[in-house]
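A.B. asks: 3D, please:
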Amino acid sequence: MFLIILRYKKELAEVDRWVPEHRAFLERHYAAGHLLLSGRQEPRTGGVILAQTSSRAQVQALIEQDPFFREQLADYEVIEWLPSMAAPALTSLLAP
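C.D. replies: Numbers count the residues shown, from 1 in each chain. Have a look, this model is predicted:
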């Protein structure tokens, strides 16, 4: 599992221009089963995505499809982790 942290490097007015295309990108990857959760940080300095893919290379390929990446609107930090405990509603996300 991967935690992807986005940090905006341009003004919000520029980021907002690309939000509809970014959301379409997220929707495609939710439908493909690659994403589990996503949302903006508060204060609005970036976003966070929880992805479930087979490799870091697949995560990088996914990131490169994001219009925020293409338009150089955000920096991305990728953290790989293996959840070992979860609330009852989230136990399906635990690593085998």
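A.B. asks: This protein: strands as residue ranges?
C.D. replies: 2-8, 35-40, 46-51, 74-80 (DSSP state E).
A.B. asks: the helices in this protein, which residues?
C.D. replies: Under the criterion DSSP state H, the chain contains helices at 12-31, 56-63, 67-70.
A.B. asks: May I see the buried residues of the last one?
C.D. replies: By that I understand helix 67-70. Pro67, Phe68, Phe69 (16 or more other Cβ atoms under 10 Å). Backbone N, C-alpha and C define where each C-beta goes, glycine included.
A.B. asks: sorry, back to before: single out the most deeply packed of the helices of the chain.
C.D. replies: The highest mean neighbour count among these, using mean count of other Cβ atoms under 10 Å, belongs to helix 67-70: a mean of 18.
A.B. asks: Quick one: distance of it to the chain centre.
C.D. replies: 12 Å (Cα atoms, centre = their mean, to the nearest Å).
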